[in-house]
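Visitor: Build the 3D model from these lines:
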Amino acid sequence: MVGMVALAFAVFALFFVAALVGIVIPVVPGVPLAAVGAVLAAWMTGFDLIQGYQLVLVVLLAVAAQLLDVAAGAIGATVYGSRRAGLWGGILGSLVGLVLFPPFGFLLGALVGAVAAELITGRVLSEALRSGVGALLGTLGGVVAKLFIVVAIGIIVFPRFF
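Guide: Alright, predicted model coming up:
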């Protein structure tokens, strides 16, 4: 059993590191990976170390992280006066920025994409910039929320091995 506990710990640790990477590289589903790692580790140890209610909490945190990530960019952009074009521009800009300037290009991409989309739809530069800043801050807020949630998952799971 000691060998299986060590292996389960290693599996969760690997998934946890992948989750941390996923926070700064949005195409890696970070928080869900941490949840999958916790479920695998629990299964590998016969659900003796990690209890069912702890797994439910981990899964709920992972779902909350995904919802917060999606909502944060939209909320940030909306609070700063973005219209629909700015919201979509921020999303598309994030994806383009990630591809062209990994790993943090998604932040700059959100800003540039929202500004460009707002300008294309006829907004003045000051309003477009405000929208872009909102998209950037919202995206950054989502990243911070995911970081806190991954840390919370680690706090729930790691002590079970010691």
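Visitor: and stretch 6-21, which residues are buried?
Guide: For stretch 6-21, a neighbour-count test (16 or more other C-beta atoms under 10 Å) marks 8, 9, 11, 12, 13, 15, 16, 18, 19, 20 as buried. Quick note: C-beta positions are derived from backbone N, CA and C, even for glycine.
Visitor: go on, stretch 82-94?
Guide: Those would be 82, 83, 85, 86, 87, 89, 90, 91, 92, 93, 94, for stretch 82-94 by 16+ other C-beta under 10 Å.
Visitor: by contact count, what packs against the longest helix seen in the chain?
Guide: The residue-count maximum for a helix in the chain (DSSP state H) belongs to helix 125-157. Applying 3 or more C-beta pairs under 8 Å, 6 or more residues apart in numbering; DSSP states H and E, one finds that helix 125-157 makes contact with helix 2-24, helix 30-44, helix 52-79, helix 84-100, helix 105-120.
Visitor: Give me the buried positions along it.
Guide: When neighbours are counted by 16+ other C-beta under 10 Å, the buried residues of helix 125-157 are found to be 127-143, 145-147, 149-150, 152-154, 156-157.
Visitor: same thing with stretch 67-79?
Guide: 68, 69, 72, 73, 74, 75, 76, 77, 78.
Visitor: State the mean pLDDT of it.
Guide: Averaging pLDDT along stretch 67-79 yields 84.
Visitor: CA atoms of that stretch as PDB?
Guide: Below are the C-alpha coordinates for stretch 67-79, written out as PDB (Å, rounded to 0.1, in the frame of the first residue of the first chain):
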ATOM      1  CA  LEU A  67     -17.100  29.500 -14.900                       C
ATOM      2  CA  LEU A  68     -15.100  32.300 -13.300                       C
ATOM      3  CA  ASP A  69     -12.600  32.200 -16.100                       C
ATOM      4  CA  VAL A  70     -15.300  32.600 -18.700                       C
ATOM      5  CA  ALA A  71     -17.200  35.300 -16.800                       C
ATOM      6  CA  ALA A  72     -14.200  37.300 -15.700                       C
ATOM      7  CA  GLY A  73     -13.200  38.600 -19.100                       C
ATOM      8  CA  ALA A  74     -16.800  39.400 -20.000                       C
ATOM      9  CA  ILE A  75     -17.400  41.100 -16.600                       C
ATOM     10  CA  GLY A  76     -14.200  43.200 -16.800                       C
ATOM     11  CA  ALA A  77     -14.900  44.300 -20.400                       C
ATOM     12  CA  THR A  78     -18.500  45.100 -19.600                       C
ATOM     13  CA  VAL A  79     -17.700  47.100 -16.500                       C
END
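Visitor: Lovely, talk soon.
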